[in-house]
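Novice: My questions are about this predicted structure, shown below with the sequence.
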Protein chains: 2
Amino acid sequence: MQPSLKTLFPNFSTELIATIEENGSAQDFKAGTVLMRTGQYIKNTVLITKGKIKIYREGEDGGEFLMYYLQPGQACAISMICTAKSEKSQIMAKVVEDVSVMMIPLQMMDKWMMEHRSWYEFVIETYRSRFEEVLEVVDNIAFRSMDERLEFYLKRHSDSCGCSEVNLSHQEIATELNTSREVVSRLLKKMEQRGLVKLNRNQIELLKFNH
Amino acid sequence: MQPSLKTLFPNFSTELIATIEENGSAQDFKAGTVLMRTGQYIKNTVLITKGKIKIYREGEDGGEFLMYYLQPGQACAISMICTAKSEKSQIMAKVVEDVSVMMIPLQMMDKWMMEHRSWYEFVIETYRSRFEEVLEVVDNIAFRSMDERLEFYLKRHSDSCGCSEVNLSHQEIATELNTSREVVSRLLKKMEQRGLVKLNRNQIELLKFNH
DNA sequence: AACCTTCTGTGATAAATGTTACTGTAGATT
DNA sequence: AATCTACAGTAACATTTATCACAGAAGGTT
């Protein structure tokens, strides 16, 4: 049994929850599914109730660049922004861990903004926090070198899962940072020598990441 | 005599314009003024009626990184997002050309969102277009090399001023792209050899930028 | 004109990152 | 056990960008 909407979105009013359950459609997607492509028109706003979605930017040459993850209790800011005018998506969204979502038709957006204070606040807060997150991403690529970005990436991962092991191959990390596996391997090895991590197959244990 | 609010913000309703004139305070700032610093609390939303403001991110070492410019008829998205909860600014805002602005106390934000449809739409559209712009910035630093970023930068400049001359020194460009002057000089020289630009002192003429 | 300041050009060199190529290893498959 | 495949390590080299050092040019000031 999954947690209820009320648990996942504690700030939503009771009436709003009821409205969502009435108008939204609950759907499941398997890991690997691409929910949204660059250039596609957006028809729904998405609330995540289970699993994990990766939001990333795709380069012309097919390269990826991770923006952020969406997790239960969160919503896709892009879809909220774009739906207002049924704009094209500027990003890719791919399911990383099997998800359950609430799809909310875009017509509801404007209506609820006016009718439900808690929806309005949620939308604004979603905009704000994502904008902030993207600014942090800009910081990282604009001002920091690869080794710092890698550290930041690992930290973010362990924060999000709450544990100190990151279960990813070097290749996967390289893809999300838009660099090559060799570079990631090299840098991780240096970090291991500095005692920051312990490297296993498909796993990186973070050791001294608490400051 | 400056253009009226009605001209600059054609989508605003007549009542909204009246409300803005009643509650906002018109202010002027000289070029060079820093209107907002990273970490400062935001108390106002800003509508630009004249001039140009640069929104950029500041690195720990003092490096800059241009996000976008604000021009007449536009508003600061960050201030709109943050005001909702009187959050801290994540960016720097510096006046590039003497500006006139309408300062709107943050308390108005939520109120107007509910009362004025045209304000609501303006805010959403502001969010959307800035988010998009920032995503494009991410693209540039994540996927492109310096020469492409420089071309993009010049193009954006000439688009914004409507002319084909960019009146900036190499040093200024370097600062905004967070690189060094020498790199900019070298790349510009190559572009000149390719016939893309003509270089003068404090000025770059764009030649073949129309495709 | 003589001087000064800012801007521009360019070579030499260093550092970071990307690329190629190859080796070894762990775990899965047969 | 033999084999296969994905993952990881690493050396050598190429490319890009950053840094240092210096020279010359443009324009303003005296």
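Specialist: Good, I have the coordinates.
Novice: Downstream of the worst-scoring helix or strand of chain A on mean pLDDT, the next helix or strand is which one?
Specialist: For chain A, the helix or strand with the lowest mean confidence is helix A:77-83, at a mean of 80 (criterion: mean pLDDT, DSSP states H and E). Once helix A:77-83 ends, the next helix or strand along the chain (criterion: DSSP states H and E) is strand A:92-105.
Novice: follow-up on the earlier one: give the buried residues for the least confident helix or strand of chain A.
Specialist: A:77, A:78, A:79, A:80, A:81, A:82, A:83 (16 or more other Cβ atoms under 10 Å in any protein chain shown). Any C-beta I mention is one placed from the backbone N, CA and C, and that applies to glycine too.
Novice: what does chain A have sitting close to chain B?
Specialist: A:57, A:59-61, A:63, A:65, A:67, A:77-78, A:81-82, A:84-85, A:87, A:90-91, A:113-114, A:120-121, A:124-125, A:127-128, A:130-132, A:134-135, A:137-139, A:141-143, A:178 (Cβ under 8 Å from any Cβ of the partner chain).
Novice: longest single helix anywhere in chain A?
Specialist: Longest helix in chain A, counting residues (DSSP state H): helix A:117-143.
Novice: Average pLDDT for it, rounded please.
Specialist: Average pLDDT, helix A:117-143: 93.
Novice: can you give me the angle that helix makes with strand A:92-105?
Specialist: Counting by axes from the mean of the first three to the mean of the last three Cα atoms, to 10 degrees, helix A:117-143 points 170 degrees away from the direction of strand A:92-105.
Novice: Got the phi and psi for residue A:207?
Specialist: Dihedral angles of residue A:207 (phi, psi; degrees, to the nearest 10) stand at phi -100, psi -60.
Novice: Is residue A:44 in contact with residue A:105, as I believe?
Specialist: Yes. Counting by Cβ atoms under 8 Å, residue A:44 does reach residue A:105; the two are 6.0 Å apart.
Novice: Of the two, which one has the most company?
Specialist: residue A:44 (21 against 13; other Cβ atoms under 10 Å in any protein chain shown).
Novice: Got the phi and psi for that one?
Specialist: phi -140, psi 150.
Novice: Specify the beta-bridge partners of the nearest residue to it once chain neighbours are set aside.
Specialist: Spatial nearest neighbour of residue A:44, chain neighbours left out: residue A:103 (4.4 Å); criterion: Cβ to Cβ, 6 or more residues apart in numbering or on different chains. With DSSP bridges as the criterion, residue A:103 is bridged to residue A:25, residue A:46.
Novice: which residue is nearest the centroid of chain A?
Specialist: For chain A, the residue nearest the mean C-alpha position is residue A:69 (1.4 Å; Cα atoms, centre = their mean).
Novice: Report the buried members of the residues of chain A next to chain B.
Specialist: Buried, going by 16+ other Cβ under 10 Å: A:57, A:65, A:67, A:77-78, A:81-82, A:84, A:87, A:90-91, A:113, A:120, A:124-125, A:127-128, A:130-132, A:134-135, A:137-139, A:141-143, A:178, out of the residues of chain A next to chain B.
Novice: buried residues in the helix or strand just after the longest helix of chain A?
Specialist: Downstream of helix A:117-143, the next assigned helix or strand under DSSP H and E is helix A:146-161. Within helix A:146-161, the residues that count as buried by 16+ other Cβ under 10 Å are A:149, A:150, A:151, A:152, A:153, A:154, A:156, A:157, A:158.
Novice: May I have the secondary structure class of the residue nearest to the centre of chain A?
Specialist: Following DSSP: H, G, I helix; E, B strand; the rest coil, we place residue A:69 in the strand state.
Novice: measure it to residue A:173 for me?
Specialist: Residue A:69 sits 14 Å away from residue A:173, going by Cβ to Cβ, to the nearest Å.
Novice: again, but for residue A:94
Specialist: In terms of Cβ to Cβ, residue A:94 sits 16 Å off from residue A:173.
Novice: Which of these two has more residues huddled nearby?
Specialist: Between residue A:94 and residue A:173, counted using other Cβ under 10 Å, the more crowded position is residue A:173 (23 against 18).
Novice: Roughly how far does the more buried one sit from DNA strand D?
Specialist: 8 Å (Cβ to the nearest atom of the strand, to the nearest Å).
Novice: Equivalent analysis for residue A:116, please.
Specialist: Taken as Cβ to the nearest atom of the strand, the span from residue A:116 to DNA strand D is 44 Å.
Novice: For the residue lying closest to residue A:59 once chain neighbours are set aside, list the residues it contacts.
Specialist: Once flanking residues are discounted, residue A:59 sits nearest to residue B:143: 3.8 Å by Cβ to Cβ, 6+ apart. Residue B:143 makes contacts with A:59, A:60, A:61, A:63, A:65, A:178, as judged by Cβ atoms under 8 Å, 6 or more residues apart in numbering or on different chains.
Novice: One more: residue A:149?
Specialist: A:140, A:141, A:177.
Novice: next one: residue A:13
Specialist: Residue A:13 touches A:116, A:117, A:118, counting by Cβ under 8 Å, 6+ apart.
Novice: Show me which of these are buried.
Specialist: Buried among those by 16+ other Cβ under 10 Å: A:116, A:118.
Novice: quick one: which of the contacts of residue A:13 is nearest to chain B?
Specialist: Set against chain B, the nearest of those by Cβ to the nearest Cβ is residue A:117 (8.8 Å).
Novice: Which residue, other than its chain neighbours, is closest to that closest one?
Specialist: residue A:13 (7.3 Å).
Novice: What's the local residue count around the spatially closest residue to residue A:95 that is not a sequence neighbour?
Specialist: Nearest residue to residue A:95 in three dimensions, chain neighbours excluded: residue A:33, at 4.4 Å (Cβ to Cβ, 6+ apart). A count of nearby residues for residue A:33, using other Cβ under 10 Å, gives 14.
Novice: for residue A:33, phi and psi?
Specialist: Torsion angles, degrees, to the nearest 10, at residue A:33: phi -60, psi 130.
Novice: That one touches residue A:94, doesn't it?
Specialist: Yes. Assessed by Cβ under 8 Å, residue A:33 is found in contact with residue A:94 at 7.0 Å.
Novice: Could you give the number of residues near residue A:140?
Specialist: 18.
Novice: Kindly report the same for residue A:53.
Specialist: Residues contacting residue A:53 under the criterion other Cβ under 10 Å number 24.
Novice: Three-state assignment for it, please.
Specialist: Relying on three-state DSSP, one would call residue A:53 strand.
Novice: How much space separates the residue nearest to residue A:42 when sequence neighbours are not counted from residue A:89?
Specialist: Closest residue to residue A:42 apart from its sequence neighbours, by Cβ to Cβ, 6+ apart: residue A:82 at 4.6 Å. Counting by Cβ to Cβ, the separation of residue A:82 from residue A:89 is 6 Å.
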